[in-house]
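*Asks:* no letters, just coordinates:
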């Protein structure tokens with residue numbers, strides 16, 4: 001593990017953040033802290049070396065997940081909880097802009113934070129974990145469609161606003177969403193023609209100082225970890241248009257007999273061509289097939 005401080009701003013020495021930059025949840029907290037001009041002691045945890053399973057980490061968080069924040073005797077291990085706690089406990093004017101003090105304004109922000117944790121993040125894990133840990137090079141079609149459905153929902157949730165926040169600046173909800181969406185964008189690119197509002201929103205977020213200082217390096221690390229440059233999608237298009245498999249159709253999984261290697265190959269049903277957009281869970285998706293480059 002590597003320990004470091006933040007920028008030249010005074011550091012809250014009694015606050016320590018254990019994090020891994022390639023994790024969207026960790027980058028969400030880092031962006032929130034930067035946006036609030038709050039510095040804490042940082043400990044970099046190497047996931048590939050299994051440092052998140054150390055006795056120290058397990059004692060603080062038996063789930064062995066990151067980020068973890070320790071403020072004296074208080075230990076938090078959820079990105080939403082960490083960000084809102086730091087905003088309430090140490091935030092100033094900048095924090096109040098990210099997370100309003102009035103109950104109504106705060107609830108509007110928190111609903112986007114919950115959308116991120118309950119809708120987007122599970123799809124990020126479903127798409128990335130087989131690549132990172134199971135040597136799989138295919139995104140299952142249901143996951144692919146779920147991600148497009150989330151893009152579709154966000155496109156309409158934005159409406160005519162520049163931010164998910166109701167004001168003229170990004171909120172804590174925008175920050176949490178940006179950490180996950182920017183990572184999903186590497187896996188399943190956001191098409192400008194299909195989701196122009198969402199693409200414009202992500203571009204505006206990418207120009208914010210906190211995004212540059214706390215998100216860009218982690219995105220590059222994630223792309224490197226899956227062996228693809230950040231500027232190049234790891235997916236390629238083919239000419240077929242796939243139909244999402246019906247709910248009763250199950251993926252066939254072939255488990256290779258390699259002891260405890262946990263290598264699982266995901267075998268998809270043959271794709272079916274269609275000549276019109278696909279209806280999936282109430283939203284229309286017209287997509288080409290996506291498979292990983294060898």
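*Replies:* Perfect, thanks for sending it. What you see is a predicted model, and the numbers here were worked out from it, not measured in a lab.

*Asks:* can you give me the helices for the stretch 101-250 of the chain?
*Replies:* With helices called from DSSP state H, counting those that start in this stretch, the stretch 101-250 of the chain shows them at 103-115, 121-133, 141-158, 172-187, 196-206, 209-214, 216-225.

*Asks:* comparing those helices, which comes out most buried?
*Replies:* helix 172-187 (a mean of 25; mean count of other C-beta atoms under 10 Å). Every residue, glycine included, has its C-beta placed from N, CA and C.

*Asks:* elements contacting it?
*Replies:* Judged by 3 or more C-beta pairs under 8 Å, 6 or more residues apart in numbering; DSSP states H and E, the packing partners of helix 172-187 are helix 24-35, helix 79-90, helix 103-115, helix 121-133, helix 141-158, helix 196-206, helix 216-225.

*Asks:* next, the angle from that helix to helix 24-35.
*Replies:* With axes from the mean of the first three to the mean of the last three C-alpha atoms, to 10 degrees applied, the angle from helix 172-187 to helix 24-35 works out at 140 degrees.

*Asks:* how much does helix 172-187 deviate in direction from helix 121-133?
*Replies:* Going by the same axes, to 10 degrees, helix 172-187 makes 40 degrees with helix 121-133.

*Asks:* pLDDT (mean, whole number) over helix 172-187?
*Replies:* For helix 172-187, mean pLDDT is 97.

*Asks:* about what we covered before: make JSON lines out of the helices and strands packed on helix 172-187 and add mean pLDDT and distance to residue 64.
*Replies:* Formatted as JSON lines, the helices and strands packed on helix 172-187 follow (pLDDT from 0 to 100; distance: least, C-beta to C-beta, whole Å):
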{"stretch": "helix 24-35", "mean pLDDT": "98", "distance to residue 64": "13"}
{"stretch": "helix 79-90", "mean pLDDT": "97", "distance to residue 64": "15"}
{"stretch": "helix 103-115", "mean pLDDT": "96", "distance to residue 64": "23"}
{"stretch": "helix 121-133", "mean pLDDT": "94", "distance to residue 64": "14"}
{"stretch": "helix 141-158", "mean pLDDT": "94", "distance to residue 64": "24"}
{"stretch": "helix 196-206", "mean pLDDT": "97", "distance to residue 64": "30"}
{"stretch": "helix 216-225", "mean pLDDT": "94", "distance to residue 64": "18"}
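
*Asks:* turn those helices into JSON lines, columns for distance to residue 51.
*Replies:* JSON lines is the format used below for these (distance: least, C-beta to C-beta, whole Å):
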{"stretch": "helix 24-35", "distance to residue 51": "13"}
{"stretch": "helix 79-90", "distance to residue 51": "19"}
{"stretch": "helix 103-115", "distance to residue 51": "27"}
{"stretch": "helix 121-133", "distance to residue 51": "15"}
{"stretch": "helix 141-158", "distance to residue 51": "28"}
{"stretch": "helix 196-206", "distance to residue 51": "30"}
{"stretch": "helix 216-225", "distance to residue 51": "15"}
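
*Asks:* relative to residue 173, which of those helices is closest?
*Replies:* Judged by C-beta to C-beta, the one of the helices and strands packed on helix 172-187 that comes nearest to residue 173 is helix 103-115, at 3.0 Å.

*Asks:* done for today, thanks.
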